[in-house]
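*Asks:* sequence below, structure please.
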Amino acid sequence: MEQVTEGISNIVIRDSSNHNNNNNNNNKKNRIQVSNTKQPLFFYVNLAKRYMQQYNDVELSALGMAISTSVTIAEILKNNGFAVEKKITTSTIDMNESGGRPVQKAKIEILLGKSEKFDELMAIASAEAADDDI
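*Replies:* Sure thing, here's the model as predicted:
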C-alpha cells in the first residue's frame with residue numbers, strides 16, 4: 001500500500017490540451033482540406049499557390065474519395081514547377097456514419113514546399129494576367 005501512495009504522490013499532471021491545440025493551430029494555418037465535391041480542382045491549385053506564397057509550404061489533407069483530387073493537385077503543382085514534395089503521410093481514421101456505426105476512412109496528407117523557381121513563375125503568371133486585363 002505504501003508503494004501505491006508513493007507512486008501517486010510522484011505523479012505530475014500537465015495540461016496537454018494547450019500544447020496540442022497550439023500544434024494543431026500552427027499546422028492548420030497552411031493546411032487545405034480538399035473535397036472532391038465542394039470546389040473545382042483549380043480552386044485548390046490556386047489556393048495552394050497563395051498558401052505557398054504566404055507560408056513557404058502547404059499541406060493538402062484529404063479523406064476517402066477526395067484523396068485522388070489532392071494527389072492531382074499536388075501533381076499539377078509539381079509538374080508546373082511550383083512545388084516540391086516534402087512529405088506524404090497516409091493513415092486510416094475512424095469516422096461515425098449517420099447510423100452511428102464507426103467506419104474507417106483512408107486519409108492522406110501531402111506536404112509541398114516552394115520550388116526554387118516558384119517566385120519567378122508567380123511573377124510571370126501575374127504579368128500575363130495583367131496583360132490579359134489590358
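
*Asks:* so which residue is smack in the middle of this structure?
*Replies:* E59 (2.8 Å; Cα atoms, centre = their mean).

*Asks:* looks to me like that residue is in a helix.
*Replies:* No. Looking at E59 with DSSP: H, G, I helix; E, B strand; the rest coil, it is strand, so not inside a helix.

*Asks:* and the gap between it and A125?
*Replies:* Counting by Cβ to Cβ, to the nearest Å, the gap from E59 to A125 is 22 Å. C-beta coordinates here come from the backbone N, C-alpha and C atoms, glycine included.

*Asks:* what of K28?
*Replies:* 27 Å.

*Asks:* what does F42 give?
*Replies:* 13 Å.

*Asks:* and what of S98?
*Replies:* Separation of S98 from A125 (Cβ to Cβ): 43 Å.

*Asks:* check L60 too.
*Replies:* From L60 over to A125 (counting by Cβ to Cβ), the distance is 20 Å.

*Asks:* tell me where this protein has strands.
*Replies:* Here the chain has its strands, by DSSP state E, at 31-34, 57-63, 83-96, 102-114.

*Asks:* I'd like these written out as TSV, with distance to L77 added.
*Replies:* As requested, the strands of the chain are arranged in TSV below (distance: least, Cβ to Cβ, whole Å):
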stretch	distance to L77
strand 31-34	11
strand 57-63	9
strand 83-96	4
strand 102-114	6
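
*Asks:* any idea which of those strands is most buried?
*Replies:* strand 57-63 (a mean of 22; mean count of other Cβ atoms under 10 Å).

*Asks:* and that strand with strand 102-114, angle?
*Replies:* 160 degrees (axes from the mean of the first three to the mean of the last three Cα atoms, to 10 degrees).

*Asks:* what's the mean pLDDT across strand 57-63?
*Replies:* For strand 57-63, mean pLDDT rounds to 96.

*Asks:* what strands flank it, and is each parallel or antiparallel?
*Replies:* According to DSSP bridges, strand 57-63 forms sheet pairs with strand 31-34 (parallel), strand 102-114 (antiparallel).

*Asks:* hmm, back to that, ok, the residue nearest to the centre of the chain touching G113?
*Replies:* No. With contact defined as Cβ atoms under 8 Å, E59 does not count as touching G113 (10.3 Å).
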